[in-house]
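# all I have is the shape, not the residue letters:
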C-alpha cells in the first residue's frame, strides 16, 4: 500500500521531506490514497464544499519560500479541516526553493491534530502522474492481500479455533475492501462486525438475503436497477460460510457492503475470506465441545472450592480426574501471563497438568491463571510450573502455603498477594503467606463476631433502602483510605458525594468516619474480616448468603483489645508486621515515624508536617513512598468489599500498631 515513506523514498523527483525530521518514524507508514493539488487560497473553499476520502494527501503551492502572512492564515484555517478529514498530510510546495521556517504555532496545531506537514521544492508538473502510480500500487496491494489469505489458509489451521479469529478476519476484510462486514447466524446472532455499526447497516440485506441491496434505512431507484443509499450506492455480497452442525439450521453467513463496486480482486478476496471464516466457525464449534465445556466444569469446581463447598465441587468435577479432589490439603498457584496472551499458557497448563491439577482461567483478572494442586507424595505440579515460568519471559507466579481443601479461598488470597511481589524476585516466583493482609491472621470466629458487631447497624439493621446500603458499602473501602478528592476520582463521583456518603454511614454506625483515623481503620478491618470465606468450623447450619455476612451472636463479640490479644497468641501478627514493615524501616528517611504521626493525626498532611517539622511536600512524598513499599494501591480505583487482596490504609496502621503500638488503636465508642 502506498505510504508517505514510499513517496519520499521511491519517488525522488518529488523532492518530498517531512518538515520535522522526527515525524519520519511516526508518520512514514501513513497510507496515501490520492494526491490533491490546490493553491493554498483555494484549498479551504474546496474542503468546505466537497468530500475527500481518508488518506488523501493535499499539496498547496506557496508563492515565496517564506510563507506570507496571508498564506499562514490560510494554513491555520485549513489544518483543522484536514485533521477532521483524516488527511494523510499537507505538503507545502515552493517550486525551485527550499521552504523557510513555518511558524511554531502552525507546527503545533498540526502536531496536536496528528497531521503530518511535508515540504517539496519540485515543480508542480512532477506530481502529474502520482495518482496514476498510486492507483497501480493499490491494485498490486489488493492482489498481494489475496495471496496472503491463500497462504493463511494453508499455514494456520491450528489457530482457527481462536475465539478472536473471526473478529480479526472481519476487521481485516473491512479495511481491505473499505466495506462494512458482518458475520452472523440466525441462532447465535452477531459473530463479528466491522465496524461496530455494521449490524444496523446490513440488517435488511441479511434478513432478505438480497445481493446488491442498499445497506441503509431508505433507498431510491438507480438506473442500473440497483439501489441508492443516502450516502451513495451500497454494493452488497452475502456468502454462506458454514451450514452448521448436521441436522441444525444454524447457517453462518458473511455479509459485506461497500460504496465501491466489487471488482474481480475484491470478489476473489471475499470468496477466500468466506472459506477461512467457515473453517474458523467449524473449528470454533469443535473447540467449544472439546475444550470450553471442560473448562466451564473446572471453573465451576474451582469457584465452589473458593466458597468452601468441597462436596459440591466433587459432584461437579466428574470424570476420571475426580480423584483430584479426594484430598485433605491443597496449594494454590496464580500465574500472571503479563504482556502475552493468556490463551497459549492456559492451553499449555491444561495439557501438562491434565491429571495432576485443576487449571482455570481467572474470571476477574484477564491475565491470571489459577491452578489448584491437591498435594500428594509428588511435587510434580510445582516442578512443571517453575520450569514453565523460567521458559516464558514476562510470566510471574505466586504460590500459596498448604491449606485444607475447604480453605482454598485463603490459599488463593496468599497466591494473589504473592504474584504481585514476584516481579522483584530472581526467578519471578514468590511464596505467599508472609505478606498476606492482616484480617486472615486473626482467629476467624472471634474476628467475625467482633466485625459483625461493629458493622451491625449498617449490615443487619440498616434503616434505609437496599440500594443505599450497596452504595455506602461500595464507598467505604476507598473513601476511608484516601482524601475525599482522591477517593472521588476512584469512585467516579463528586467529592461532595463521598462526603455525604461517609456522613451517612458514620451516622448509621454511630462512628466518626471523617475525623477519627481510629474509626476509619477499624471499619476497614471489619469489612476485610466479613469478606473472608467461612471455614468449615464456623460455617452456619443453614445456607449462607453469597456475601458471607451472617453475624454470630453479638453478645459473644470480643472488643478490639481482646481480639488482638487472641490473634497474638501464636505470634503470627507480629511476624507479619515485621515482614510488612521491613522495607519501610530500612529507609533512611525515617518513614515509619512519618507514617505514625500521619495516622495519629487522621491522615492530615498539614498536621503531620507541623509535628515532624517538615514541609507538606516532604510529608506527601514520605507517605506515598512508604505506602507504595507496603503495597497500597494509589490508583484509588473503586474497591469492592469482596476485594480482600487489596491493601488499604488499615493494613499499614495495623502493622505499625502490632509492632510499635502506634497508632494506639482502641475499640470505637459509639457516638
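Received, thanks. What you are looking at is a predicted structure, and each value in this text was computed from that prediction instead of being measured. Numbering: from 1, shown residues only.
# pick out the residue closest to the middle of this structure.
In the chain, the C-alpha nearest the mean C-alpha coordinate belongs to residue 366, at 7.7 Å (Cα atoms, centre = their mean).
# on the three-state scheme, the spatially closest residue to residue 510 that is not a sequence neighbour is what?
Closest residue in space to residue 510, ignoring its immediate chain neighbours: residue 670 at 3.9 Å, by Cβ to Cβ, 6 or more residues apart in numbering. Bear in mind the C-beta positions are built from the backbone N, C-alpha and C, glycine included. Taking DSSP: H, G, I helix; E, B strand; the rest coil as the rule, one finds residue 670 in the coil state.
# can you count the residues close to residue 670?
Residues near residue 670, counting by other Cβ atoms under 10 Å, number 8.
# I figured it hits residue 511, correct?
Yes: counting by Cβ atoms under 8 Å, residue 670 does reach residue 511; the two are 7.1 Å apart.
# ok, which stretches of the stretch 351-500 of the chain are strands?
Taking DSSP state E, counting those that start in this stretch as the test, the strands found in the stretch 351-500 of the chain are 358-361, 368-373, 396-399, 403-404, 429-431.
# thinking again about what came up before, how close does the residue nearest to residue 510 sit to residue 506?
Separation of residue 670 from residue 506 (Cβ to Cβ, to the nearest Å) stands at 11 Å.
# list the buried residues in stretch 260-277.
If you call a residue buried by 16 or more other Cβ atoms under 10 Å, then stretch 260-277 has these buried ones: 262, 265-266, 268-270, 272-274, 276-277.
# which one of those residues is nearest to residue 458?
Of all the buried residues of stretch 260-277, the one with the least separation from residue 458 (Cβ to Cβ) is residue 277, at 53.6 Å.
# residues in contact with the closest one?
166, 169-170, 183, 241-242, 252, 254 (Cβ atoms under 8 Å, 6 or more residues apart in numbering).
# contacts only, for the residue nearest to residue 510.
Listed by Cβ under 8 Å, 6+ apart, the contact set of residue 670 reads 509-511.
# how about the residue located most distally from the centre of the chain, secondary structure?
Residue farthest from the centre of the chain, counting by Cα atoms, centre = their mean, is residue 96 at 52.3 Å. For residue 96, the secondary-structure state derived from three-state DSSP is coil.
# could I get the contacting residues of the spatially closest residue to it that is not a sequence neighbour?
Leaving aside its sequence neighbours, residue 96 sits nearest to residue 121 (Cβ to Cβ, 6+ apart; 6.3 Å). Neighbour list for residue 121: 15, 93-99 [criterion: Cβ under 8 Å, 6+ apart].
# so which of those residues wins on neighbours?
residue 93 leads the contacts of residue 121 on contacts (other Cβ under 10 Å) with 25 neighbours.
# just to check, that residue is in contact with residue 63?
No: assessed by Cβ under 8 Å, residue 93 is found out of contact with residue 63, at 10.5 Å.
# show me which residues of stretch 68-80 are buried.
By neighbour count with 16+ other Cβ under 10 Å, stretch 68-80 contains the buried residues 71-72, 74-75, 78-79.
# how about these in a markdown table, adding pLDDT?
As requested, these are exported to a markdown table (pLDDT from 0 to 100):
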| residue | pLDDT |
| --- | --- |
| 71 | 87 |
| 72 | 88 |
| 74 | 87 |
| 75 | 89 |
| 78 | 87 |
| 79 | 89 |
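# rebuild these as CSV, extending it with distance to residue 591.
Listed next are these as CSV, based on distance: Cβ to Cβ, whole Å:
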residue, distance to residue 591
71, 60
72, 55
74, 59
75, 55
78, 56
79, 51
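# count of residues packed around the closest residue to residue 19 other than its chain neighbours?
In this structure, residue 19 finds its nearest non-sequential neighbour in residue 117, 4.4 Å apart by Cβ to Cβ, 6+ apart. Applying other Cβ under 10 Å, we find 22 residues neighbouring residue 117.
# for residue 117, phi and psi?
phi -110, psi 130 (degrees, to the nearest 10).
# domain ranges for this structure?
4-128, 157-286, 307-436, 440-660 (automatic domain parsing).
# out of those domains, nearest to residue 666?
domain 440-660 (6.3 Å).
# from residue 241, how far off is residue 255?
Taking Cβ to Cβ, one finds residue 255 at 10 Å from residue 241.
# these two: who's more crowded?
Per other Cβ under 10 Å, whichever of residue 255 and residue 241 has more neighbours is residue 255, with 26 against 22.
# in its sheet, what does the helix or strand that contains that one sit against?
Per DSSP states H and E, residue 255 falls inside strand 252-258. Using DSSP bridges, strand 252-258 pairs in its sheet with strand 180-185 (antiparallel), strand 235-242 (antiparallel).
# for the last one, buried residues please.
Taking 16+ other Cβ under 10 Å as the neighbour-count basis, strand 235-242 is seen to contain the buried residues 235-239, 241-242.
# which one of those residues sits closest to residue 571?
The closest of those to residue 571 turns out to be residue 242 (Cβ to Cβ; 63.9 Å).
# so who does that closest one touch?
Contact partners of residue 242, counting by Cβ under 8 Å, 6+ apart, are 251-252, 277-278, 281-282.
# got JSON lines for these, with distance to residue 347 and pLDDT too?
Below are the contacts of residue 242 laid out as JSON lines (distance: Cβ to Cβ, whole Å; pLDDT from 0 to 100):
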{"residue": "251", "distance to residue 347": "29", "pLDDT": "81"}
{"residue": "252", "distance to residue 347": "24", "pLDDT": "85"}
{"residue": "277", "distance to residue 347": "22", "pLDDT": "83"}
{"residue": "278", "distance to residue 347": "23", "pLDDT": "83"}
{"residue": "281", "distance to residue 347": "20", "pLDDT": "78"}
{"residue": "282", "distance to residue 347": "19", "pLDDT": "77"}
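# returning to that earlier point: so for residue 10, which of the strands paired with strand 252-258 sits nearest?
When the strands paired with strand 252-258 are ranked by distance to residue 10, counting by Cβ to Cβ, first place goes to strand 180-185 at 31.3 Å.
# no further questions, thank you.
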